[in-house]
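**Student:** Need a 3D model of the following:
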Amino acid sequence: MNWKLWSFFYDWDYFIQEDFVKCLKELKKGFTFTIICATIFLLFQGYEYYWANFYISDGIQGTIFYALTGLHGFHVIIGTFLIVFTFIRLFLVITKMELIIAENKNKCKTIYNMELLQYIGHFPQIGLLATYWYWQFVDVVWCFLFIFLYLPLA
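**Tutor:** Numbering: from 1, shown residues only. Below you'll find the model as predicted:
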């Protein structure tokens with residue numbers, strides 16, 4: 001039983017030092033890319049609204065187009081704010097974990113692991129997952145809007 005406990009701490013130590021921090025850094029890159037893409041999308045949406053040759057008052061087609069794309073754009077703005085907020089929390093977690101790793105290089109591995117395990121409990125997992133699923137929903141809605149609004153016009 002004792003060897004299982006020590007092997008768990010050894011594996012967990014490797015996971016925390018290497019994989020977990022690397023995974024968080026990759027997540028940070030993904031968030032940065034997503035924020036940039038969302039901003040570009042919103043700029044193109046504003047450009048499309050500015051140069052569109054029909055208005056919301058031009059009939060049912062204009063009303064449906066602007067209502068659906070405007071509602072989607074509003075949700076993209078909300079999702080982008082959620083991603084930025086989660087990104088800031090993630091950045092703080094990565095900074096804190098790197099600080100713990102740097103401070104505990106010479107400490108006993110078990111104490112070092114316990115400090116990291118306690119801090120990982122503060123990682124914003126629920127917020128991260130909620131933001132992820134919200135963004136996926138907005139993405140799927142955009143796929144349907146593209147199929148039903150843009151493809152028939154092409």
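**Student:** quick one: contacts of stretch 27-44?
**Tutor:** 73, 76-77, 79-80, 83-84, 86-87, 90-91, 94, 135 (C-beta atoms under 8 Å, 6 or more residues apart in numbering). For glycine as for every other residue, the C-beta is placed from the backbone atoms N, C-alpha and C.
**Student:** Kindly recompute the last result at 6 Å.
**Tutor:** With C-beta atoms under 6 Å, 6 or more residues apart in numbering as the test, stretch 27-44 has contacts from 76, 80, 83, 87.
**Student:** Could you check how far the third one is from residue 53?
**Tutor:** Pointing back at residue 83 there. 33 Å (C-beta to C-beta, to the nearest Å).
**Student:** cool, the second one as well?
**Tutor:** Taken as C-beta to C-beta, the spacing of residue 80 relative to residue 53 amounts to 28 Å.
**Student:** more crowded one of those two?
**Tutor:** residue 80 (19 against 5; other C-beta atoms under 10 Å).
**Student:** Could you find the closest non-adjacent residue to that one?
**Tutor:** Closest residue to residue 80 apart from its sequence neighbours, by C-beta to C-beta, 6 or more residues apart in numbering: residue 38 at 4.4 Å.
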